[in-house]
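> with the input below, show me the fold.
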Amino acid sequence: METRNKAASRILLIVLAALVLPLAVHAQNIGWEGETGVFVTPLAYTVNSPAKGLSLPTVGFHFLGAGNVIGDFYETSLTMGALGRTEFGYTRNFHTLGGNPSLSSLWSNGFNIAFGKVNILPENWRKHNWIPAFSVGGTGRWGVENVGGAFTHKKTSNGDVYGVGSKTILPNSKLPVILTGGVRGTNSVLWGMGGNAAKWEARAFGSAAFVVKLPNKATMVFASEVAQQPKHPEYFPNLVIPTTLTYAVRLLPAPEHKLAIDFGVAQIAGHVAPGTDLKARKQLGMQVTYGF
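Here you go, the predicted structure:
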């Protein structure tokens, strides 16, 4: 695991050092489950769409190496926008088992995800520059057989509902900053990858992204996120799931290409109980999205 993380760090440094493509701040910003977001948390913004009608789809491939206990997750997503302020889509989660004989059986082959978001308050509404964008959204997952579901051999469902605000500060400066905060009601652990929670809980999340403008209209976006998790998976009251932290960089090609590539490191779950180590505290993830 340590060797793989070191190799991933070297690859990330090489990518950053070799970055010469022109990048755009307002290109595709698709997160882990397909909604407009950072790496795993949503933004209040939605995919670009006409004021009347539907946008063309944005498709994505997502990967998270969760370690040799949990295994690896892969996702394919399709996202569409409508009416200039909504988005919706479908994502399929796939999973390959880890190699731990006592714990890896708590994860299964994957599950389905549907999501939607509506922008209620546009950013800078009525020319008030201090007003953030505010949106409400929801996510539903079904066919989940992870942790508690695997323990009972039953496919379960879970979901999130959330409100989120985002504000771009100093948009015309050399270092624009995008700040986001929100609260979600959820009965899922780690977006379904940790199965169901014992009950619905209100959990906070937030992110900060720094947009570095380079010559020839190029940019790099560096971001970090924090997302509270329900403390205990269903049927496992002694397991404690920590808050998720991520550190990510987004590479955005020229707007006409509508291509985005993300690399990130996620701190997921390590010692969740005495004698139980999921070995997933510094995990590499990547995403590639393309808008038609």
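> tell me, what residue is most central in this protein?
Val40 (1.8 Å; CA atoms, centre = their mean).
> please confirm that that one is located within a helix.
No. Using DSSP: H, G, I helix; E, B strand; the rest coil, the secondary structure at Val40 is coil, not a helix.
> from Phe111, how far off is it?
Relative to Phe111, Val40 is positioned 16 Å away (CB to CB, to the nearest Å). Glycine gets a C-beta too; all of them are placed from N, C-alpha and C.
> again with Val226
25 Å.
> so which of these two has more stuff around it?
Using other CB atoms under 10 Å as the criterion, Val226 and Phe111 rank with Phe111 on top: 24 against 16.
> let me see the contact set for the more buried one.
By CB atoms under 8 Å, 6 or more residues apart in numbering, the residues touching Phe111 are 93, 141-146, 155, 192.
> show the pLDDT at it.
Listed pLDDT for Phe111 reads 96.
> tell me what it is bridged to.
Asn93 (DSSP bridges).
> do you know how far it is from Glu33?
Distance of Phe111 to Glu33, computed by CB to CB: 11 Å.
> where exactly do the helices run in this structure?
In the chain, the helices defined using DSSP state H lie at 2-17, 67-70, 148-152.
> check which helices and strands the shortest one is in contact with.
Spelled out, that is helix 67-70. Taking 3 or more CB pairs under 8 Å, 6 or more residues apart in numbering; DSSP states H and E as contact, the helices and strands that helix 67-70 lies on are strand 276-280.
> give me the sheet partners of the strand it packs on and which way each runs.
Strand 276-280 pairs in its sheet with strand 269-273 (antiparallel), by DSSP bridges.
> which parts of the strand it pairs with are buried?
For strand 269-273, burial by neighbour count (16 or more other CB atoms under 10 Å) applies to 269, 272.
> confidence-wise, which of the helices of the chain is weakest overall?
For those, where the average pLDDT is lowest is helix 2-17, sitting at a mean of 41.
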